[in-house]
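K.L.:
sequence? don't have it. structure:
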């Protein structure tokens, strides 16, 4: 057995303890591997004059795991998937047998405000993104997002539009 394997075996309970104290319940194996990487880094950078190895290893491993938790949280915050209802509305609109021609899209615009209809037509007919729509209409992206949200709410209330 090489030197790091012995060290990893010795500090495995510590890594599991850190994972438990941080309340990690998903991807435990992944975080255990990150803990092992932190242990390896601690071994490589340890200076015996600065204190005990256990203390240094503990803080290095915990810091490494916390950094990964922060990265995951940031990713999840920036990349939230569409909720199921919104996805269903869009999927029904996209997967119609007929292409989304102007006449077809006009039927979905019934009951929508002018701005909501603009969002729908520019999104599904021209394939424009929110910033492109905002730029084209001279409004903020937040305004276009608001139109989208309220349009989707109205469309969800009228599911019969999708099942003709």
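P.N.:
In hand now; what should we look at? From a predicted model like this one, the values you see are computed outputs, not experimental measurements.
K.L.:
Which residue ranges of this protein form strands?
P.N.:
Here the chain has no strands by DSSP state E.
K.L.:
Walk me through the domains of it.
P.N.:
3-78, 84-162 (automatic domain parsing).
K.L.:
Flag whichever of these has the least confidence on average.
P.N.:
If you rank the domains of the chain by mean pLDDT, domain 84-162 sits at the bottom with a mean of 77.
K.L.:
Tell me where the longest helix sits in the chain.
P.N.:
helix 53-78 (DSSP state H).
K.L.:
List the buried residues of it.
P.N.:
56-58, 60-62, 64-65, 68 (16 or more other CB atoms under 10 Å). For the C-beta atoms, the positions are set from N, CA and C on the backbone; glycine is no exception.
K.L.:
Return the member of those nearest to residue 156.
P.N.:
Closest approach between those and residue 156, by CB to CB: residue 68, at 37.1 Å.
K.L.:
need the contact list for the residue lying closest to the closest one once chain neighbours are set aside.
P.N.:
In space, and not counting its chain neighbours, residue 68 is closest to residue 34: 5.1 Å by CB to CB, 6 or more residues apart in numbering. Residues counted as contacts of residue 34 (CB atoms under 8 Å, 6 or more residues apart in numbering) are 64-65, 68.
K.L.:
mind listing the helices for this structure?
P.N.:
Using DSSP H, helices in the chain cover 3-21, 28-45, 53-78, 84-94, 102-109, 114-124, 130-137, 141-157.
K.L.:
Point out the most buried one among these.
P.N.:
For the helices of the chain, the largest average neighbour count (mean count of other CB atoms under 10 Å) is found in helix 114-124, namely a mean of 19.
K.L.:
which residues sit against it?
P.N.:
Outside helix 114-124, the residues that reach it (CB under 8 Å, 6+ apart) are 93-94, 100, 102, 105, 108-109, 112, 128, 132-133, 136-137, 143-144, 147-148, 150-151, 154.
K.L.:
change it to 7 Å
P.N.:
Helix 114-124 has contacts (CB atoms under 7 Å, 6 or more residues apart in numbering) with 93, 100, 105, 108-109, 112, 128, 133, 136-137, 144, 147-148, 150-151.
K.L.:
Stretch 61-72 now?
P.N.:
So stretch 61-72 is contacted by 15, 18-19, 22, 31, 34-35, 37-39, 42 (CB under 7 Å, 6+ apart).
K.L.:
Cool, thanks, talk later.
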